[in-house]
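**Student:** whatever this is, show me its structure:
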Amino acid sequence: MSILKQNPLPFFINGQYISPIGRQTFENINPANGSLNFNILEGNADDIDHAVSSARSALTGPWSNIDIDKRASLLHKVADLIDNRRDEFLRAEILDTGKPIKLAGHIDIPRGAANFRIFADIIKSQSDETFRMPTPDGGEAINLTVRKPKGIIAVICPWNLPLLLMTWKVAPALACGNTVVVKPSEETPATATLLGEIMNDAGIPPGVYNVVHGFGPDSAGEHLTRHPDVDAVTFTGETITGASIMRSVADDIKDVSFELGGKNPAIIFADADFEQAIEGTSRSVFANCGQVCLSTERVYVERPIFDRFTEELRKCASNLVRGDPFTQETSLGPLISHTHRNKVLSYYRRATELGANVIVGGGAPDMPEPWGKGCWIEPTLWTGLEESSPIVKDEIFGPCCHLSPFDDIDEVIGLANDTEYGLAATLWTQDVKKANQVAARIESGITWVNCWFLRDLRTPFGGTKKSGIGREGGEYSLEFYTELQNICLKV
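**Tutor:** Sure thing, here's the model as predicted:
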């Protein structure tokens, strides 16, 4: 029987599922229909101590004795086992998030497995560097630069892409020889918990992968980041939470890797392939109900095509299908929770109060049963607001964007960069020279030209400004998950 049948959902520590007596529980609610999926144990300081101690024992014990080739082989086996249980992972992810099956089945679960494969292959391709140098006495020294595991990694995960973004951190951490303690989002704990079964079946030693559930402040998250035996913290989520984690690790000078918020612009030039630009912008605004850190919330359209582009994007929003996330026809799921829906709706109301022209949407739909108690919201487009408006400045994290016309390149680059964030941007133009010139001036960690959400997993990913610290992906992940040591040997 799958561990997801156990209620309340337990922790996974030292290779075992455990349910300590006396712990508080909290509810996991299906955002599509408001029903109770299961209850979840909330971890306390003792549970974090247990998980960290188990991670330390594995780090200095069995895991340290496994060479790179064997480690890579184990991670490939993890990936294969995720694929073998694809339907189970897919169902768990949909019940947690409410996202449509054609999205979760195409992206979330396959990428969860792929992350283990790619980092297993990358770690096998690494080699130590050597430098020869003369010594003052006429001899020679050899400098050997080696990568060592950083230690115990605290992995704090978001709720929007639970398996994908969790394995995006766990896979390189384990490939580099670290051990991990994972604190999944309290909203989406299922797939991180289920992965414990996969780890055991693959032969990963106990204590290498640990999961403790809970919240952030005064709960498992804070206890984990403050734990003195944790060596580094990787976090994806809101910028304000990242700032809080930085404060909590400051005294111990722990390394951090943050992928934080964004208020991402799209720039559509009049010479763009119009149909491609519409299709790509529609996906970047509405995919996963706008709950993607890379989503577009500011759209700048060159004036000659502004009215036409706005109308076609309105049609895309109107054609999205809400409903059962387990059917292929559904193209727009709910928001993650009623709390988050209230936040997004507050921006919808504020936009109206500020005089926005509501092109489409602007509220919460009436859904038929059994979806009436779900966290559904209307995809929404606005025009007419000032650039200083909170609608244009704040990350809303919903299926919405503000559209503005522009007249020249310098103007639109200034508009795109006028934000405290710098995570992603998209450009749509058929002029290659223009694309290169504009992309080079955009202040973002990634800039897409004539595409969106397309990236080789070997490339660096991360944000500038308040969108993050560090880079993840390919060999760039190794900079965070390893400690470089130089060994100088006089010969």
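
**Student:** give me the element the most centrally placed residue in the chain is part of.
**Tutor:** The structure's the chain has its C-alpha centroid closest to Leu165; by Cα atoms, centre = their mean the separation is 4.3 Å. Taking DSSP states H and E as the definition, Leu165 sits inside helix 162-175.

**Student:** check the offset of that helix from the chain's centre.
**Tutor:** Helix 162-175 has its C-alpha centroid displaced from the chain centroid by 10 Å (Cα atoms, centre = their mean, to the nearest Å).

**Student:** so which elements touch that helix?
**Tutor:** For helix 162-175, the contact count by 3 or more Cβ pairs under 8 Å, 6 or more residues apart in numbering; DSSP states H and E identifies helix 68-84, helix 86-97, helix 109-125, strand 152-156, strand 179-183, helix 190-202, strand 232-236, helix 478-481 as packing neighbours. C-beta coordinates here come from the backbone N, C-alpha and C atoms, glycine included.

**Student:** what comes up buried for it?
**Tutor:** 162-175 (16 or more other Cβ atoms under 10 Å).

**Student:** now the angle from that helix to helix 109-125?
**Tutor:** 10 degrees (axes from the mean of the first three to the mean of the last three Cα atoms, to 10 degrees).

**Student:** what pLDDT, on average, does helix 162-175 get?
**Tutor:** The average pLDDT within helix 162-175 is 98.

**Student:** before we move on, what about stretch 245-255?
**Tutor:** On average, stretch 245-255 scores 93.

**Student:** can I get that stretch in CSV, CA atoms only?
**Tutor:** Coordinates of each C-alpha in stretch 245-255 appear next as CSV, following Å, rounded to 0.1, in the frame of the first residue of the first chain:
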residue,chain,number,x,y,z
ILE,A,245,15.9,32.8,5.7
MET,A,246,18.9,35.0,5.1
ARG,A,247,18.5,36.5,8.5
SER,A,248,18.1,33.1,10.2
VAL,A,249,21.3,31.8,8.7
ALA,A,250,23.4,34.9,9.1
ASP,A,251,25.0,34.1,12.4
ASP,A,252,26.3,30.7,11.1
ILE,A,253,27.4,32.2,7.7
LYS,A,254,25.6,29.4,5.9
ASP,A,255,25.6,29.3,2.1
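
**Student:** what residues does it touch?
**Tutor:** The contact list for stretch 245-255, computed with Cβ atoms under 8 Å, 6 or more residues apart in numbering, reads 150, 156, 222, 225-226, 228, 230-233, 235, 256, 258, 480.

**Student:** again, 6 Å this time
**Tutor:** Identification of contacts with stretch 245-255 by Cβ atoms under 6 Å, 6 or more residues apart in numbering yields 225-226, 232-233, 235.

**Student:** okay if I get the helices and strands packed on helix 162-175 as CSV plus mean pLDDT and distance to Val358?
**Tutor:** Shown next, in CSV, are the helices and strands packed on helix 162-175 (pLDDT from 0 to 100; distance: least, Cβ to Cβ, whole Å):
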stretch, mean pLDDT, distance to Val358
helix 68-84, 97, 42
helix 86-97, 98, 27
helix 109-125, 96, 35
strand 152-156, 98, 36
strand 179-183, 98, 39
helix 190-202, 98, 36
strand 232-236, 97, 32
helix 478-481, 94, 43
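
**Student:** of these, which is nearest Asp394?
**Tutor:** strand 232-236 (18.9 Å; Cβ to Cβ).

**Student:** and the next element down the chain from the helix or strand harbouring Arg350?
**Tutor:** Secondary structure from DSSP H and E places Arg350 in helix 338-353. Next in sequence after helix 338-353, counting helices and strands by DSSP H and E, comes strand 357-360.
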